[in-house]
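**Student:** here's my sequence, what's the structure:
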Amino acid sequence: MRMTRTFAVLSLAGALAAAGTHANAAGLTPVPNAQPKVVGNSAPNVLSPELAEKIVAQGSNPLENGTVDFPFYGYNGDGTMLPAPGDVQSATHNVEATKTEPDKNTYLVLPGLGGPDSHYDYGKRFLFQGHELGKGFITRINLDADYAHRVTLLASTDIHGNPLPVFDGSTWYPFSLRLLFSAENSTTGGVWQATPSHASVVERLTGAFGHASYEGMQADPHGNVWVVEDAGGPFGTANPHARQPNSFLFRFIPKDKTDLTKGGKLQALQVISMAHAGPIVFHTGQADADITSQDQKDLHKYGNVFDINWVTIHDTGVDGVADFDANDLAKKAGATPFKRPENGQFRPGSGFREFFFDTTGDTSAATEAGAFGGFGAIFKLSQSSSSADHGKLTLFFLGDIDHTGLDNCAFWSDHEIVFVEDRGDGLHKDHNAFDSAFLFDTRVNYGNPANHPVRILALGRDASATIDSGLSGSKGFQNEGDNEITGIHISDGDPGVFGLLGAKIPNPFHDGWRVFYTQQHGDNQTWEIIPAKQSRHHGHDDDDDDDDRR
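**Tutor:** A predicted model of the protein is given here:
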């Protein structure tokens, strides 16, 4: 929402004085605090007063072409949506159906896709997700459709009839007109591609990308696919509440960007140490040596600038197309491990020369590695082009107990980026705070303690998640507890190469730009964030004509 300068100053003056942060061009008043965790109580979501939200789909939405295993948007078919009084979990009986947890959102404007009902006009605006738990499947929210056609099951098996894995990340790859989905599993995870149509054709690409705990993905104009890995390392002995950095940033360079099944080169990021000759690497069997090493301290110090290289770890032209362990090859090649990267995006207006990515950290209030990335961080990677083999890495933001567990991200403007938290139930309890979404300004020096990001969303907890939190940890209970924020996504839906995230300057709520996120766990609601004034007036600033002018 583009606010007038006068309105922004008036609405922000008091709040910014208290928050000690810079004014933001988005004109959003900070939410003062996270929502507290109270045993047995649910809590509403709180957004900046300039914002509102509406549900575009929720877990109980029936799939228009549902099956016995996949009847609803957010539930598998293995139980009821809520437990009956006195019901007991067992090896053969669930007190609740498995909540599938729709994850990363991908918005596209694609006329003519159609669906299971050949006589129905599905419109042209769609939101795609993979699902993170239970049995794997892909769904499409038909944003222009009525209730009966609102959510379509696109696929639950690949072209060979194999069940799909559970998916975490997703993105659109315009060069082959395919959606890409990532599975976060070190031994069976990887990347799959899928057509956006009903009865989607799904193919696995593990011979090219390998197996790894892949999550966030972004494509650049050269057709390269940047993939971040979220693989937790072992806890230390001297640092029992901190994990060894064990995850990598990857870049896939395709042989033919119109067909990723033809393979290509997989590379991993290598950071050159400031403390010794050579790169920062993983030390097998020496968790403590990495957790609080000088290298990790240097990486997480404001102002340090590191040289980086991209090292090739696998080439299908040389190594063939058999599956491989990408994490293991990255370690053997001397790539640099991080503390659980989750997602990243290219800064709009940078010509794909700046890439911001986060690390989740330890998600423990007791971490011994606070100065070493224990509460997570955001890094800025700068290169002469997105295909360059060398560049620079700097710390953009060092997490703390109040800003931690950073997960999905999306640029709000050419210099403002939203990062959302995934603290987990343990840290919610220890710090008495549910997750938040923060707006960061890439021009601000967060090494200055007077500067803070702007909280634009304090997530609450719905009634279903409150019940699950009470059941969490009970024998055999398979669902998660508290809600989390996931899938923050800002896009105008342009399916062309110029529509790649990072190519255009985002303009939320105007020119077709829309903002989505999922309140994962519990009721599994996917929300669209809208201007508060739109909510009050019951309007819809869709700027439809702009979609047609692409």
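**Student:** strands of the stretch 151-300 of the chain, residue ranges please.
**Tutor:** Remark: strands assigned in the stretch 151-300 of the chain by DSSP state E, counting those that start in this stretch are 151-155, 169-173, 178-183, 190-194, 202-204, 214-219, 225-229, 249-254, 264-271.
**Student:** any chance of the ones you listed in CSV, plus mean pLDDT and distance to residue 470?
**Tutor:** Backbone N, C-alpha and C define where each C-beta goes, glycine included. As requested, the strands of the stretch 151-300 of the chain are exported to CSV (pLDDT from 0 to 100; distance: least, Cβ to Cβ, whole Å):
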stretch, mean pLDDT, distance to residue 470
strand 151-155, 98, 29
strand 169-173, 98, 30
strand 178-183, 98, 30
strand 190-194, 98, 35
strand 202-204, 98, 37
strand 214-219, 97, 29
strand 225-229, 98, 33
strand 249-254, 98, 38
strand 264-271, 98, 42
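**Student:** just put those strands in a markdown table and tack on distance to residue 132 and mean neighbour count.
**Tutor:** Conversion of these to a markdown table gives the following (distance: least, Cβ to Cβ, whole Å; neighbours: other Cβ atoms under 10 Å):
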| stretch | distance to residue 132 | mean neighbour count |
| --- | --- | --- |
| strand 151-155 | 16 | 26 |
| strand 169-173 | 10 | 24 |
| strand 178-183 | 9 | 27 |
| strand 190-194 | 14 | 25 |
| strand 202-204 | 17 | 20 |
| strand 214-219 | 10 | 27 |
| strand 225-229 | 16 | 26 |
| strand 249-254 | 20 | 24 |
| strand 264-271 | 24 | 24 |
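**Student:** closest to residue 460 out of these?
**Tutor:** strand 151-155 (23.7 Å; Cβ to Cβ).
**Student:** so is residue 381 in a helix, a strand, or just coil?
**Tutor:** When classified by DSSP: H, G, I helix; E, B strand; the rest coil, residue 381 comes out as strand.
**Student:** tell me the confidence at it?
**Tutor:** Predicted confidence (pLDDT) for residue 381: 98.
**Student:** need the strands of the stretch 151-300 of the chain in CSV with distance to residue 98, can you?
**Tutor:** As requested, those are exported to CSV (distance: least, Cβ to Cβ, whole Å):
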stretch, distance to residue 98
strand 151-155, 16
strand 169-173, 20
strand 178-183, 17
strand 190-194, 21
strand 202-204, 21
strand 214-219, 21
strand 225-229, 25
strand 249-254, 30
strand 264-271, 33
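**Student:** nearest to residue 395 among the ones you listed would be which one?
**Tutor:** strand 264-271 (11.5 Å).
**Student:** now for the closest one, which elements pack on it?
**Tutor:** The contact analysis (3 or more Cβ pairs under 8 Å, 6 or more residues apart in numbering; DSSP states H and E) places strand 264-271 against helix 206-209, strand 249-254, strand 305-315, helix 316-319, helix 326-332.
**Student:** for the second one, name the packing helices and strands.
**Tutor:** By that I understand strand 249-254. helix 206-209, strand 225-229, strand 264-271.
**Student:** quick check: residue 102 touching residue 75?
**Tutor:** No: the pair residue 102 / residue 75 is not scored as a contact, 10.8 Å apart, by Cβ atoms under 8 Å.
**Student:** which residues of the stretch 1-150 of the chain score low on pLDDT?
**Tutor:** Within the stretch 1-150 of the chain, the stretches with pLDDT under 70 are 1-23, 25.
**Student:** higher neighbour count, residue 102 and residue 75?
**Tutor:** Between residue 102 and residue 75, counted using other Cβ atoms under 10 Å, residue 102 has the larger neighbour count: 32 against 25.
**Student:** so who does that one touch?
**Tutor:** Contacts for residue 102 (Cβ atoms under 8 Å, 6 or more residues apart in numbering) come out as 57, 73-74, 129-132, 139, 487, 518, 520, 524, 526.
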